[in-house]
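Peer 1: Pasting the sequence and the predicted coordinates here, then a few questions.
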Amino acid sequence: MARRIRPYRPLGLVLFHGAGGDRDHRLFLRLEQELALPMSRVNFPYRRRGPGRRPPDRMPKLIEAVNDAVAEAAETWDVSPKRLVVGGRSMGGRAASMAMAGGLETAGLVLLSYPLHPPGKPERLRVDHLDRLTRPVLLVQGRKDPFGTPDEFAAHLPAIPGPVTERWVDGGHDPRPTRDDEIVEAIADWLGPSAR
């Protein structure tokens, strides 16, 4: 059974988009509307270069962008990065998790549709850093996500030494808008009273 431990009184949320998205993903906009916490929706550098399809930056640049955005949010809100929660959708959540595994100290981590492996390539796992995630983690995942099944996650989440809360919803990698209420509620509940 998943442990249910929230981050310690977070004072802000910093979220990053997936490979094909941007900071204006509908779920991010809903969270910004409904949460009482300050929130920063961040575009990665490749997305800031203007309209049009571009390949994502390589992971080291994405991780650097996570570190920079958290530092900027902490300075803007005049709080310690240790009181912020970081995370994102798909690639954005992966980059945030790798930044934390590399030493970024925050209150917790929100993983929305974490890409455990590329679709159809279960041997290419993205789990090497999980054993360095010591802060509370919230995983919100579609039950039919081609980037990782519930059984696959069950085999790898125990590697995370920090407390993990799982929330499984109907749908795939980008659950339908009809699931947004459930996802927003899961995030708000996990963040705790300061998020209401």
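Peer 2: Alright, I've got the coordinates.
Peer 1: Please state the backbone phi and psi of residue 13?
Peer 2: Backbone torsions of residue 13, given as degrees, to the nearest 10, read phi -130, psi 130.
Peer 1: Of all the residues in the least confident helix or strand in the chain by mean pLDDT, which ones are buried?
Peer 2: The weakest-scoring helix or strand in the chain, judged by mean pLDDT, DSSP states H and E, is helix 45-48 (a mean of 93). The neighbour-count check on helix 45-48 (16 or more other CB atoms under 10 Å) flags residue 47 as buried. C-beta here means a position set from N, CA and C on the backbone, and glycine is covered the same way.
Peer 1: cool, and stretch 112-129?
Peer 2: Those buried within stretch 112-129 under the rule 16+ other CB under 10 Å are 112, 113, 114, 115, 116, 117, 126, 127, 129.
Peer 1: for the protein, which helix is longest?
Peer 2: helix 59-77 (DSSP state H).
Peer 1: and the helix or strand following that helix, C-alpha only, in PDB?
Peer 2: Sequence order places strand 84-89 as the next helix or strand after helix 59-77, per DSSP states H and E. Output in PDB follows, covering the C-alpha atoms of strand 84-89 (Å, rounded to 0.1, in the frame of the first residue of the first chain):
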ATOM      1  CA  LEU A  84       8.600  24.800  -2.800                       C
ATOM      2  CA  VAL A  85       7.200  21.700  -4.600                       C
ATOM      3  CA  VAL A  86       8.500  21.100  -8.100                       C
ATOM      4  CA  GLY A  87       7.200  18.800 -10.800                       C
ATOM      5  CA  GLY A  88       5.500  18.500 -14.200                       C
ATOM      6  CA  ARG A  89       3.900  16.600 -16.900                       C
END
